[in-house]
Structures are given as structure tokens and as C-alpha cells.
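Engineer: Sequence plus the predicted model coming up.
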Amino acid sequence: MKSRTQYRKGCARTLVLKLLSERPMYGYEIAITLAQRSENVFSLEQGTLYPLLYSLERKEMIHISKKIKDKKTSRTRLYYSLTKKGKETLEQDLATWADIEKGMSLILRASYVNC
Amino acid sequence: MLIVERYLDRIMEIADLTRKDEKRVREELEVHMQEMLNAGEKSGLTESEVMTMVEKEFGNPEELGKMIARARGKFRTYLKKQARKLPICIVAAVALAFAIRAAAFEPFRVTTDAVSPIVPKSSRVLVNKLTSSFKVNDVIVFHQEKQAMVGIVKEIDEDRGGVMVGRKNQEDTFVRKDKIVGKAFFLYSFSL
């Protein structure tokens, strides 16, 4: 279970950047979209999404692009979108991921064959 | 809703952010939880069931608080909090400095050789305004013709309520006690 958490943490940045590259989203929307698209692999501990968002914001990879006030609850939704630096980081992350995926599957597939 | 409030209180307490940041983060988390509650109610769960789900899915409030504090930058938060206090500190320091100058200690620059070699030309003296008793040979600063002057006490003149002050190459003059600023202490000289 612990290794799963570690894995997910490593992937979360790439996934959040990827989602935000499609369109601006607010926190809950990001969490729900992640859970739905990953078939609930990335659904646990939604709270930890916010520390991630704040650190990405501090590193200037994302920024708040619009605020929409909900008339019913008078609370504001903060929509995040990618900055230029965020787009660059996403590209790098995707390239890294492609390499890792290739390497991992080559080795893992090879060991299946040897079994 | 009370449970949500308590849960958020706990997170914010641990995160210990600046007021502005706290308002933003709290509202953002609140929006998120509200949506979770709404979604839960729609699928027919009771409030306590939804709350259990929220706590489970949102994570431990202590850990979350710590993570938020780290993500927003602990040092940055500290600096922001200090920066808020800075103007008050500066005003207080300036006010204090003026109060001390007015009531207790004030520095003067000596521009003449009137009391050399005890206090040579171009040196600084610190005047203690709190003393009211003077002895012969004390260096004092006094007002004369709206100017601050430095001199050496030659004689105490109790009858007239003052002292006789001597300056180099000048005749001793009488200075009333209320014209005396205070006793001067040699600090340092500019001409080394």
C-alpha cells in the first residue's frame, strides 16, 4: 500500500498538469476527473491535491486564471491553468514518462518470458 | 456542517498561514467538501456516512495541515507575518528613539577646540540629561544664544542657581541651571 502511495505521489504532478493543459479547472473538478479517468486509482486522499496545487503555484507552473462566485453558497471557486513554465514541465514529464514506461515494460515483459 | 468546520479548523491550525492565505485556502477546501457532501447526498447517503467518506477521502487533518504549510512555504509565511509587523516596529522604534533623545540621552558633535584636550575638536559626546548635580571639572553642554555649547564647570554658584563655565581662550561665563542640557561623556573622535 505504501509503495502505491509513493508511486501515485510521483505521478500526480504530471497528471494534474496534463488535466490543466486541457482546460482551466478548480480543485474538486480536478479530483473528480482524476478519479473517473483513472477508474479510481487516483481517488484516495483528495485533500493532498491542495498541497500539490499550492506547491505548483509557488513554483509558477500553474496560476489562478479565474474566480467564479457561487451565488447559492457565496463561495468562490478558484480555477487553475498552466503557465508557460507549467507547459514546459509537462512536456518534460511526458517525455520522462514515455522513457520509463518503455524501459519498465521491456524489462518486465522480458522477465515474464523467462518465468 | 459543524463537523466540516471543526475539520477545517484543525487543518488551518496546523498549517498556521497568514490571514489572507488562510482565508483563501479555507474557502477553497470548504468548496471542495461542500461539493463532496452534495454528491454524497445525491447518492442517498446519510450525513454521517458522507462525513466519514469526506474524512476518509480527504485525509488526516494534521498531516494535511503540515503538507499545506510546507507547500505554501513555511519561511515565506514567516516572512509575510513579520512584514505585517514591520511598520509598527519601525514607528515604535523611531518614537522610542525620539523619546530617549528628548528625555535622557542625546548625542552632540563638538566642532570647536573649546574643551580640548578632554574633548578634542570634531568628536562626539553623549549628553546625559538625567543628572542635575554637577561637579567642578565636569564637561557639560548648555544653551547660549540658541546654540548648544560645550564647556567645563569651573565653579558651582549655588547663590545664583547655576555654574561658572569655562571655555578655552574665553572668559568664564555664568550659565543658569535651566540652560544646562546635561553632563557630557566623550564618545569618539572623528580625527584619528
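Structural biologist: All right, it came through fine.
Engineer: Every contact and neighbour count from this point should use C-alpha atoms.
Structural biologist: Noted.
Engineer: Distance check, residue B:176 against chain A.
Structural biologist: 67 Å (C-alpha to the nearest C-alpha, to the nearest Å).
Engineer: for residue B:149, phi and psi?
Structural biologist: Geometry field for residue B:149 lists phi and psi as phi -130, psi 160, criterion degrees, to the nearest 10.
Engineer: is it true that it touches residue B:139?
Structural biologist: No. If you go by C-alpha atoms under 8 Å, residue B:149 and residue B:139 don't touch, sitting 10.5 Å apart.
Engineer: of those two, who's got more company?
Structural biologist: Ranked by neighbour count (other C-alpha atoms under 10 Å in any protein chain shown), residue B:149 and residue B:139 place residue B:139 first, with 25 against 20.
Engineer: Please name the nearest non-neighbouring residue to the more buried one.
Structural biologist: Spatially, and ignoring its direct neighbours in sequence, residue B:139 is nearest to residue B:152 (4.6 Å; C-alpha to C-alpha, 6 or more residues apart in numbering or on different chains).
Engineer: give me the beta-bridge partners of that neighbour?
Structural biologist: Following DSSP bridges, residue B:152 is listed with bridge partners residue B:139, residue B:166.
Engineer: roughly how far apart are it and residue B:17?
Structural biologist: In this structure, residue B:152 and residue B:17 are separated by 60 Å, where distance is defined by C-alpha to C-alpha, to the nearest Å.
Engineer: ok so, going back, next one, pLDDT for the residue nearest to residue B:139 please.
Structural biologist: Confidence per residue is given as pLDDT, and for residue B:152 that number is 90.
Engineer: Report how many residues lie close to it.
Structural biologist: Using other C-alpha under 10 Å, the number of residues around residue B:152 comes to 24.
Engineer: Report all helices and strands that the least confident helix or strand in chain A by mean pLDDT contacts.
Structural biologist: Taking mean pLDDT, DSSP states H and E as the measure, the helices and strands of chain A show their lowest mean at helix A:2-22, namely a mean of 81. Applying 3 or more C-alpha pairs under 8 Å, 6 or more residues apart in numbering or on different chains; DSSP states H and E, one finds that helix A:2-22 contacts helix A:27-37, strand A:76-82, helix A:84-114.
Engineer: Between the ones you listed, which one is closest to chain B.
Structural biologist: Comparison of these against chain B by C-alpha to the nearest C-alpha identifies helix A:27-37 as nearest, at 5.1 Å.
Engineer: pLDDT of the closest one, averaged?
Structural biologist: In this model, helix A:27-37 has an average pLDDT of 89.
Engineer: Relative to the whole chain's centre, how far out is stretch B:72-82?
Structural biologist: For stretch B:72-82, the distance between its averaged C-alpha position and the chain's averaged C-alpha position is 19 Å (C-alpha atoms, centre = their mean, to the nearest Å).
Engineer: Can it be said to contact chain A?
Structural biologist: Yes. Stretch B:72-82 comes into contact with chain A (C-alpha under 8 Å from any C-alpha of the partner chain), by way of residue B:72.
Engineer: can you count the residues close to residue A:103?
Structural biologist: Each residue near residue A:103 was counted by other C-alpha under 10 Å, and the total is 12.
Engineer: and the gap between it and residue A:110?
Structural biologist: Shown here: residue A:103 relative to residue A:110, a distance of 11 Å by C-alpha to C-alpha.
Engineer: can you check residue B:120 too?
Structural biologist: Per C-alpha to C-alpha, residue B:120 is found 92 Å from residue A:110.
Engineer: cool, residue B:156 as well?
Structural biologist: Using C-alpha to C-alpha, residue B:156 is found at 107 Å from residue A:110.
Engineer: Among those two, which residue is more densely surrounded?
Structural biologist: When neighbours are counted by other C-alpha under 10 Å, residue B:156 comes out ahead of the other of residue B:156 and residue A:110, with 17 against 11.
Engineer: That one and residue B:173 touch, don't they?
Structural biologist: No. The pair residue B:156 / residue B:173 is not scored as a contact, 11.8 Å apart, by C-alpha under 8 Å.
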